[in-house]
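J.: give the three-dimensional model of this entry:
(one chain, ligands or ions: 2)
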Amino acid sequence: MNIHEYQGKSLLRAYNVDIQEGFVAETPDQAVMVAGQLREKFGSEFFVVKAQIHAGGRGKGGGVKLARSIEEAGGITSKMLGMQLVTPQTGAAGKRVNKVLIARDVYYKGDSEIREFYVSILLNRNKGRYTVMYSPDGGMSIEEVAEKTPDRIFTEEIDPAVGLQPFQCRNIAFNLGLSGTAFKNMIRFLNGIYDTFTGCDAQLLEINPVLRTSDDRILAVDCKFVLD
Ligand code: ADP
Ligand code: MG
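T.: Ligands and ions are numbered 1, 2, ... in the order given. Predicted coordinates:
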């Protein structure tokens, strides 16, 4: 079973994983209202309007758009709702957008370099073991990374008897090039997504991008779950 991004994010939040916060809207008026709430709660200057469909590649297909004001969040929503969104993963007919997620902008400028990582947990069928697959080169071109620079994709295999180990989390954070606060936050993030994955009996949990914000937070900006 596939669930939407906003549903996956609420599962992550229930396990104390930091996410790019947002609210669902089914009308432009709702979009304006929740954008106002995001501004009040988080001081968000900008917002991201994200089509909720059961397919990835939305960014490439025009299903993820930045709104520079509350009004623009409403305007983008009115264009996005009802459209047949075509992405590299939908096929030519596309998928109808019935809901959007209005999320806070988390790419704000600050002291640290903003970085996008790829992290997933999945079953390695050859070995019958869960595996963390990750890359320092996350974002919209991850398929290209896998094809052209497969050495930039790392794995950490999980021993079912002991689960995800602290040394493995440190290894992952190190290979992602992190240090200091971001390193510590990544370790907490990895434990949180592993708890979510096992707690929900998931078959796949893919977070792309995992964001290192300019103030060293580690957040799930997107998520894809496959549940039993
Ligand atoms: P998909 O994987 O379906 O394309 P994502 O949620 O991963 O959808 O979003 C696609 C891209 O949009 C991300 O890789 C990121 O670069 C960009 N993006 C998402 N949120 C923001 C934001 N708040 N500000 C700027 N860019 C964003
Ligand atoms: Mg994504």
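
J.: can we go C-alpha only for contacts and neighbour counts from here?
T.: Fine.

J.: quick one: residue 23 is in a helix?
T.: No - the assignment for residue 23, made by DSSP: H, G, I helix; E, B strand; the rest coil, is strand rather than a helix.

J.: next up, the contacts around the residue nearest to residue 176 when sequence neighbours are not counted.
T.: Nearest residue to residue 176, sequence neighbours excluded (C-alpha to C-alpha, 6 or more residues apart in numbering): residue 136, at 4.9 Å. The contact partners of residue 136, taken as C-alpha atoms under 8 Å, 6 or more residues apart in numbering, are 116, 117, 118, 152, 153, 175, 176, 177.

J.: how near is the first one to residue 61?
T.: Spelled out, it's residue 116. Counting by C-alpha to C-alpha, to the nearest Å, the separation of residue 116 from residue 61 is 19 Å.

J.: compare the two (neighbour count), which wins?
T.: Set side by side, residue 116 and residue 61 give different neighbour counts by other C-alpha atoms under 10 Å, the larger being at residue 116 (22 against 15).

J.: now do the helix or strand hosting the more buried one: distance to the chain's middle.
T.: Under the assignment given by DSSP states H and E, the secondary-structure element containing residue 116 is strand 115-124. Here strand 115-124 shows a centroid-to-chain-centroid distance of 10 Å under the convention C-alpha atoms, centre = their mean, to the nearest Å.

J.: partners of it, with directions?
T.: Using DSSP bridges, strand 115-124 pairs in its sheet with strand 129-135 (antiparallel), strand 202-212 (antiparallel).

J.: buried sites along it?
T.: 115, 116, 117, 118, 119, 120, 121, 122, 123 (16 or more other C-alpha atoms under 10 Å).

J.: specify the beta-bridge partners of the first one.
T.: The bridge-partner assignment for residue 115, based on DSSP bridges, gives residue 212.

J.: pretty sure it contacts residue 216?
T.: No - counting by C-alpha atoms under 8 Å, residue 115 sits too far from residue 216 to count as a contact (9.8 Å).

J.: need the residues of the chain near ligand 1, please.
T.: Contact residues of the chain with respect to ligand 1, defined by C-alpha under 6 Å from any ligand atom, are listed as 48, 56-60, 64, 104-107, 139-140, 208-209, 221-222.

J.: just the residues you listed: which are in helices?
T.: 58, 59, 60 (DSSP state H).

J.: how many neighbours does the first one have?
T.: Spelled out, that is residue 58. Neighbours of residue 58 under the rule other C-alpha under 10 Å: 22.

J.: the longest helix seen in the chain versus strand 129-135: what angle between them?
T.: When every helix of the chain is counted residue by residue (DSSP H), the longest turns out to be helix 180-199. Orientation check (axes from the mean of the first three to the mean of the last three C-alpha atoms, to 10 degrees): helix 180-199 against strand 129-135 gives 150 degrees.
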